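J.: Coordinates only, no sequence provided:
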DNA sequence: TCGCTATATGCATTCTAATGCATATAATAC
DNA sequence: GTATTATATGCATTAGAATGCATATAGCGA
């Protein structure tokens, strides 16, 4: 059906037509980020951030990876990435904020490659 | 200000996150079309179509050209064109509908190039 | 075990956009 | 002038998304 292409496009545009969600995906295309990080950047209450993350997660645009108490989200939709490139231009540098308390942001030791492969569950 | 880039993007995505508006711009990227044509394709009341056209017109995405009783709209925003290409793929053929009564659709004589350059006012 | 922290969920309320419809405007033909 | 047709506008109503907030869940450490 041709109608599905329209439906799909409308769904995508709707997701991105929201200021907070747009800023979230723009941040995530720069690299993984935990919820507290996004919270610090966007200066919104945590439940509010989590709700928008849920919308994006259920739409299959982002994915969360649990690591202890923290959940790290990342962008997994390549079409969204292209749409952001078209409208916002190339992705900027990831924003390291002192306001964020998570290990990744605080001590750079526990940084990216995650050495001792302990459990990392998907968020669903 | 960096915030303006976000605002601008949100505005664009909002315009396209509406099923009727999306179909209108998709139709218009295939070529000029009069209101009655869009009305025939989308099977919606004329005032409703005109309202959505106004939204798109005031956002600077489309432009209307008056020709007698009829108004022919066309897409003038290239970024929107690129976003449609990304999400919907290449533009299809213009849809000639027998349901539409305007001269352009009925008798092909009065077709595209518009010979005897009579007055054509912009719609604002 | 309990307490603390990060994140998630549920739900009520508030806004804004979508929709429907009556009517206005503009151009043509008579 | 009047009548007719295409399009536009204004406005009331409705629907759905956005927001706020109380509370639930999950993991860690003592």
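T.: Right, received. Where do you want to start? Keep in mind that this is a model prediction, so the values were computed, not measured.
J.: pLDDT value on the residue found closest to residue A:11 once you drop the neighbours it is linked to in the chain, please?
T.: Ranked by C-beta to C-beta, 6 or more residues apart in numbering or on different chains and with sequence neighbours excluded, the top spatial neighbour of residue A:11 is residue A:59, at 7.1 Å. For glycine as for every other residue, the C-beta is placed from the backbone atoms N, C-alpha and C. The predicted local distance difference test score for residue A:59 is 97.
J.: ditto for residue A:109
T.: Listed pLDDT for residue A:109 reads 42.
J.: Ok, residue A:114 next?
T.: For residue A:114, the model assigns a pLDDT of 36.
J.: What separation do you get for the most centrally placed residue in chain A and chain B?
T.: Centrality entry for chain A: nearest residue to the mean C-alpha point is residue A:28, 4.1 Å, by C-alpha atoms, centre = their mean. Using C-beta to the nearest C-beta, to the nearest Å, one obtains 14 Å as the distance from residue A:28 to chain B.
J.: Okay, that residue and residue A:34: tell me how far apart.
T.: Shown here: residue A:28 relative to residue A:34, a distance of 11 Å by C-beta to C-beta, to the nearest Å.
J.: any shared contact partners between those two?
T.: Shared contacts of residue A:28 and residue A:34, defined by C-beta atoms under 8 Å, 6 or more residues apart in numbering or on different chains, are found at residue A:73.
J.: Which residues of chain A lie near chain B?
T.: Remark: the part of chain A in contact with chain B comprises A:5-10, A:12-14, A:16-19, A:22-23, A:26, A:79, A:82-83, A:86-89, using C-beta under 8 Å from any C-beta of the partner chain.
J.: in the helix or strand hosting residue A:49, what counts as buried?
T.: Taking DSSP states H and E as the criterion, the element that holds residue A:49 is helix A:46-58. For helix A:46-58, the neighbour count (16 or more other C-beta atoms under 10 Å in any protein chain shown) marks A:49, A:52-53, A:55-57 as buried.
J.: Sheet partners, orientation included, of the helix or strand that that helix is followed by?
T.: Counting by DSSP H and E, the element after helix A:46-58 in chain order, helix or strand, is strand A:62-67. For strand A:62-67, the paired strands and their directions (DSSP bridges) are strand A:70-75 (antiparallel), strand A:121-122 (antiparallel).
J.: With distance to residue A:1 as new columns, can the buried residues of helix A:46-58 be given to me in TSV?
T.: Listed next are those as TSV, based on distance: C-beta to C-beta, whole Å:
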residue	distance to residue A:1
A:49	36
A:52	30
A:53	31
A:55	25
A:56	26
A:57	27
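J.: Just give me the closest of these to DNA strand D.
T.: Within the set of the buried residues of helix A:46-58, residue A:55 lies nearest DNA strand D; the separation is 6.7 Å, counting by C-beta to the nearest atom of the strand.
J.: these two touch, right, the closest one and residue A:15?
T.: Yes. Counting by C-beta atoms under 8 Å, residue A:55 touches residue A:15, with 7.0 Å between them.
J.: so how many other residues sit close to the residue nearest to residue A:11?
T.: Under the neighbour criterion other C-beta atoms under 10 Å in any protein chain shown, residue A:59 is assigned a count of 15.
J.: my guess is it meets residue A:16, correct?
T.: No. Under the criterion of C-beta under 8 Å, residue A:59 makes no contact with residue A:16, lying 10.3 Å away.
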